[in-house]
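Visitor: Any chance you could fold what I've pasted below:
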Amino acid sequence: MIRKLVSQLRMRYLNLRAQTSAVDLSDDERLILALKWFQQTLLPGGGSAAKYSMMFNKWFPSYPETTAFWINTLIYLQREKKEIFSTVFGERPIVDELVKWLMTTQRKDGTYPGSYGDFKNQPPRVFNNGQIIFALIDYYEHFGNEKCLDSAIQSADWILKVQDGDGAWRQFTLNQLSSNTRTAWALIRLGKLTGENKYLQAGKANINFALQLQDKNDYFIDNGFSENEIPSTHTIGYALRGIVGAGIDLQEDNWIKAAERAYQRIMPLVGNDGFLAGELDEEWKSDATFCCLPGNCQLSVVGFALETHTHRQEYALIASKLLDYVKGKQLLSHSPMVNGGVSGSWPVSGGYCSYDIPNWSARFFVDALLLEEQYINKQKKIS
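Guide: Okay, the predicted model is just below:
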């Protein structure tokens, strides 16, 4: 108890000096800071640590799902931001290393583990397997590694086995019936790549199921980690991103419009400084006084994706505002375990990953930075 109280006091002082909003940093400098923080998450046994606990001053074990998240982002950076990629990683074959480690966590039944730690004995999760499929597909498309494609197919075949007739996944999942749309999107990408209709149909069935969960307030219900909790903007962002991504890939305008309606409900909730309450109930209301930083980043990604498809600049303006808030909360510290990271909540004691710096927070932050750069460059060309 004493140790916990001391840690909390330390974090309060961290809160006072960690905000970077008053620091004149370019977006590329922020990007490098985040990537250097990510570099600290790479563990000797392979993979990226799930998170760093500021409370207990330790790294958690490597997390297959969120290691996979980084694979997608790093492939893009290696191709499009070579100078920055080289500045941080030099000649290290970081993407190859992560993919090689990731594939060691796949089990004989084709599944990947649902969390971090004891990979052999823990149950799988549909959502996690879907996100890993994204990484394996990207790696195959860019480097032609057949083993990655075979691995993705094995995982996808298991996902199809546990899918219900109405398109939902109710086994091997949390209460994320809406945000499994990101798994559906992964199956759609795999179906387009392989020409296998069964993956396309499974993905479509799940998106259509999720659209049935959109209520009269345009809210996607059944989307928390547990049945009785108010969903965070983290899982809300997952749900919308899966629908938008799949809708764009298949040119399903009704899917995209459904996500637009939800996004339009969120837009007026964003403060002038980009603050958005970290939890939103079915009335789009919240008693939360914290911001879920990865949720802000994910909804920023959704906004930029919607603008790219619809050319409605208001989506990008909200996306930038959400991202600006997170830019101001990127952590600066003498500790390399903290410096450049993005905490789960702001303040760090908030209700999502309290006192933790999850590796996926920085990943979504990097993705949003890259999409904002694309949007700015596009606007320069237009003008």
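Visitor: Who are the contact partners of the residue lying closest to residue 269 once chain neighbours are set aside?
Guide: Leaving out its chain neighbours, the residue that sits closest to residue 269 by Cβ to Cβ, 6 or more residues apart in numbering is residue 276, at 5.9 Å. Glycine gets a C-beta too; all of them are placed from N, C-alpha and C. By Cβ atoms under 8 Å, 6 or more residues apart in numbering, the residues touching residue 276 are 233, 266, 269-270, 291-292, 295-296, 299, 322, 325.
Visitor: for residue 330, same thing?
Guide: 20, 30, 33-34, 340-342, 365.
Visitor: can you put the residues you listed in CSV and add pLDDT and distance to residue 167?
Guide: Shown next, in CSV, are the contacts of residue 330 (pLDDT from 0 to 100; distance: Cβ to Cβ, whole Å):
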residue, pLDDT, distance to residue 167
20, 54, 43
30, 97, 39
33, 97, 41
34, 98, 36
340, 96, 40
341, 97, 37
342, 97, 34
365, 98, 32
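Visitor: can you redo these as a markdown table with distance to residue 76, secondary structure and neighbour count?
Guide: Shown next, in a markdown table, are these (distance: Cβ to Cβ, whole Å; DSSP: H, G, I helix; E, B strand; the rest coil; neighbours: other Cβ atoms under 10 Å):
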| residue | distance to residue 76 | secondary structure | neighbour count |
| --- | --- | --- | --- |
| 20 | 24 | coil | 18 |
| 30 | 16 | helix | 20 |
| 33 | 18 | helix | 22 |
| 34 | 14 | helix | 24 |
| 340 | 19 | coil | 26 |
| 341 | 20 | coil | 30 |
| 342 | 18 | coil | 28 |
| 365 | 14 | helix | 30 |
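Visitor: In CSV: those residues, plus distance to residue 104.
Guide: Listed next are the contacts of residue 330 as CSV, based on distance: Cβ to Cβ, whole Å:
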residue, distance to residue 104
20, 37
30, 33
33, 30
34, 26
340, 28
341, 26
342, 28
365, 28
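Visitor: out of the residues you listed, who's nearest residue 195?
Guide: Comparing the contacts of residue 330 against residue 195 with Cβ to Cβ places residue 365 closest, at 35.4 Å.
Visitor: now that closest one: how far from residue 342?
Guide: 5 Å (Cβ to Cβ, to the nearest Å).
Visitor: Find residues that contact each of the two.
Guide: 34, 293-294, 297, 326, 330.
Visitor: right, and out of the residues you listed, which lies closest to residue 192?
Guide: residue 297 (26.5 Å).
Visitor: which secondary structure element contains the closest one?
Guide: Taking DSSP states H and E as the criterion, residue 297 maps to helix 293-310.
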